[in-house]
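Q: show me the folded form of this:
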Amino acid sequence: MSFLLITSLPDVCLLHIFDRLPLRDLATISEVSDHWATLQQTIFTRRGILTLLIGEQPYNLVNSSYFSFPTNSSMIVELNGTSKAPLELPSVDESTVKSLVEKYSNCARLEISVNNIDSSLSRHLCCLLEAWSATLVSLKLWIRFSLTDRLSLTARNIISSDLFRIVALINRLPQLTHLTLDIHNQLTLGIESEELEDDNLDVQIELPCLAQLKEFYFYSLNGADSLVDSLLRYAQSNEKLVKVGLRNSIYSAECMGKYLEMNSSLLKKFTHLNSHQIAKYLKNAFFLPFCHSNAFHLSRYHLEEFSTKFSSLITLSTTVAQKSIPFLFKSLSKLSNLVDLRLYIYFEDPSRSNEGKSANENTNDTDPLLESLTTVKSLSLYGGISSHKQMLILQPGNTFPSLNEIRVALSLYGCPDCDYELIGAASPEKREECYRQMAKPWIQQCPILKEAYIFNVQIPLSNGLTQTQIYMINNNDDL
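A: As a prediction, the model looks like this:
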């Protein structure tokens with residue numbers, strides 16, 4: 001029997017083999033010989049794409065991104081458009097930057113996820129962007145600095161300075177056509193005191209690169225007002241721009257009004273939108289679009305205009321009160337591309353609003369049918385609920401016939417239908433049964449449901465599982 005050494009193979013065969021190696025393995029073949037190092041450089045140049053996962057659990061930033069669907073699976077492969085594994089690094093220093101720049105001299109598509117980034121790592125990231133400034137066509141960044149609520153004002157201002165430096169470099173990339181910038185921090189102009197921190201929500205983020213982009217996806221902890229000027233100045237006149245995704249929260253009717261006044265051709269390009277405000281950032285103005293009764297008429301007007309102008313939405317996150325659900329769903333039924341819906345929903349307390357009737361008496365067959373959202377495949381429910389039977393208000397089978405996955409993270413403090421007023425006073429068995437009943441209508445009525453999550457506990461639907469096993473939750477969890 002004769003053997004053929006791999007080193008004796010012609011270059012065309014070696015390149016064919018090396019091109020199928022995961023990135024972390026391909027990065028080491030240069031240590032074998034100078035010839036293999038040359039072949040390695042050929043592969044790097046041919047690929048023109050680099051995905052870096054830096055720090056602890058950087059996958060989490062990508063998988064939980066508002067711009068990733070479905071959200072419960074690894075998105076690296078889909079986002080890359082390649083099956084090659086990313087390069088995972090514990091950190092980055094000057095030598096790492098030099099090595100990456102040498103090996104990927106013609107990097108055209110760069111994807112970096114960095115969890116708990118610091119100023120030092122931020123500087124190295126800027127060095128990479130500067131080195132590839134002439135070749136980058138696509139840039140996707142998922143960034144989270146250290147948790148700002150644990151840091152001093154000085155530290156938070158330094159973080160913001162680092163972020164503005166990164167943004168400034170991005171604006172100077174002449175070939176860039178795709179930008180995903182997912183920042184889990186707030187850009188500020190310098191916070192002098194805790195009381196003035198909220199004033200920075202609407203700091204305008206200058207993005208002249210919008211004039212050249214074809215796709216743009218953005219998130220930071222600023223309000224959506226912070227993008228208004230750049231969208232008006234640079235995006236409205238950019239005919240090449242095809243898709244816009246925005247996670248920054250539209251937190252008021254005034255803010256929504258600014259967006260609805262934009263050119264309709266621009267709004268039709270929006271694929272992702274977040275139209276609810278977070279109380280943490282607006283301590284003195286808690287307005288929820290499509291929610292409060294004192295804004296009921298304004299909300300109905302917004303809803304009609306909203307579904308017409310934002311007609312291309314794929315993902316929507318919004319807050320809604322129980323009584324506004326019919327109006328919201330009627331509007332959303334007009335969105336033919338809506339796949340991912342995230343509702344911060346607040347159900348009424350039946351003991352207060354319905355003179356003591358149980359939830360079951362208020363969700364009977366006499367309720368008018370809600371509009372069917374036939375395109376929605378993923379649904380997330382957050383907020384508060386007063387009884388597990390209030391789930392029937394959403395009419396799962398009628399409203400969501402195409403649902404593939406459901407995530408329920410609703411606060412339930414007591415359930416009159418399970419005969420307990422405070423969840424802490426109920427036995428673990430009773431709490432578990434109550435949450436089983438919360439999941440039950442989705443499993444029974446949605447025929448193609450594949451996965452269910454109850455309080456972040458995954459309940460997979462697959463062959464061999466009984467219905468009881470499907471909606472069972474972990475009774476060791478403190479619910």
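
Q: show me where pLDDT drops low in the stretch 101-250 of the chain?
A: Along the stretch 101-250 of the chain, the parts satisfying pLDDT under 70 run over 147-154, 190-202.

Q: switch the cut-off to 90
A: 102-109, 111, 115-120, 144-162, 184-204, 221-223, 249-250 (pLDDT under 90).

Q: just the helices in it please.
A: Using DSSP state H, counting those that start in this stretch, the helices of the stretch 101-250 of the chain run over 119-131, 153-170, 228-230.

Q: reformat the ones you listed as TSV; add mean neighbour count.
A: (C-beta placed from N, C-alpha, C; glycine too.) Conversion of those to TSV gives the following (neighbours: other Cβ atoms under 10 Å):
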stretch	mean neighbour count
helix 119-131	18
helix 153-170	18
helix 228-230	17
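
Q: ranges for the strands of the stretch 101-250 of the chain?
A: Along the stretch 101-250 of the chain, the segments classed as strands by DSSP state E, counting those that start in this stretch run 109-117, 138-145, 178-183, 215-219, 243-246.

Q: residue 310 is nearest to which of those?
A: Of all the strands of the stretch 101-250 of the chain, strand 243-246 sits nearest to residue 310, with 10.2 Å by Cβ to Cβ.

Q: for that closest one, name the packing helices and strands.
A: Where contact means 3 or more Cβ pairs under 8 Å, 6 or more residues apart in numbering; DSSP states H and E, strand 243-246 is packed against strand 215-219, strand 270-275.

Q: so what strands line up beside the first one?
A: Partner strands for strand 215-219, per DSSP bridges, with pairing direction: strand 178-183 (parallel), strand 243-246 (parallel).

Q: just the angle between it and strand 270-275, please?
A: Strand 215-219 and strand 270-275 are oriented at 20 degrees to each other (axes from the mean of the first three to the mean of the last three Cα atoms, to 10 degrees).

Q: helix/strand/coil for the residue lying closest to residue 336 once chain neighbours are set aside?
A: Excluding its sequence neighbours, the residue lying closest to residue 336 (Cβ to Cβ, 6 or more residues apart in numbering) is residue 375, at 6.3 Å. Assigned by DSSP: H, G, I helix; E, B strand; the rest coil, the conformation of residue 375 is coil.

Q: Provide a list of residues in contact with residue 375.
A: By Cβ atoms under 8 Å, 6 or more residues apart in numbering, residue 375 lies in contact with 335, 336, 337, 338, 339, 402.

Q: which residues sit in contact with the first one?
A: So the one you mean is residue 335. 307, 310, 311, 313, 316, 375.

Q: one more time with 7 Å, if that's ok
A: Counting by Cβ atoms under 7 Å, 6 or more residues apart in numbering, residue 335 touches 307, 311, 313.

Q: distance of it relative to residue 412?
A: With distances taken as Cβ to Cβ, to the nearest Å, residue 335 is found 29 Å from residue 412.

Q: same deal with the last one?
A: Computed as Cβ to Cβ, the residue 402 to residue 412 distance reads 27 Å.

Q: of those two, which one has the most company?
A: More crowded of residue 402 and residue 412, by other Cβ atoms under 10 Å: residue 412, with 21 against 15.

Q: how close does that one get to residue 139?
A: Distance, residue 412 to residue 139, using Cβ to Cβ: 42 Å.

Q: next: residue 7.
A: 38 Å.

Q: the two: which has the busier surroundings?
A: residue 139 (22 against 10).

Q: shouldn't that one be in contact with residue 108?
A: No. In this structure residue 139 lies outside contact range of residue 108 using Cβ atoms under 7 Å: 9.9 Å.

Q: for the residue sitting nearest the centre point of the chain, which non-adjacent residue is spatially closest?
A: The C-alpha lying nearest the average C-alpha coordinate of the chain belongs to residue 66 (Cα atoms, centre = their mean; 1.2 Å). Closest residue to residue 66 apart from its sequence neighbours, by Cβ to Cβ, 6+ apart: residue 247 at 4.2 Å.

Q: give the contact list for the one you found.
A: Residue 247 makes contact with 66, 219, 272, 274, according to Cβ under 7 Å, 6+ apart.

Q: from the contacts of residue 335, which land in helices?
A: Assigned to helices by DSSP state H, the following of these qualify: residue 307.

Q: quick one: contacts for residue 226?
A: Neighbouring residues of residue 226 by Cβ under 7 Å, 6+ apart: 202, 203, 204, 205, 248.

Q: quick one: closest of the helices of the stretch 101-250 of the chain to residue 383.
A: Of all the helices of the stretch 101-250 of the chain, the one in closest proximity to residue 383, counting by Cβ to Cβ, is helix 228-230 (27.5 Å).

Q: contacts for that closest one, please.
A: Contact partners of helix 228-230, identified using Cβ under 7 Å, 6+ apart, comprise 204, 205, 206, 207, 210, 258.

Q: what separation is there between residue 35 and residue 63?
A: Residue 35 is 39 Å from residue 63, where distance means Cβ to Cβ.

Q: who's more crowded, those two?
A: With neighbours defined as other Cβ under 10 Å, residue 35 and residue 63 compare such that residue 63 has more, 18 against 12.
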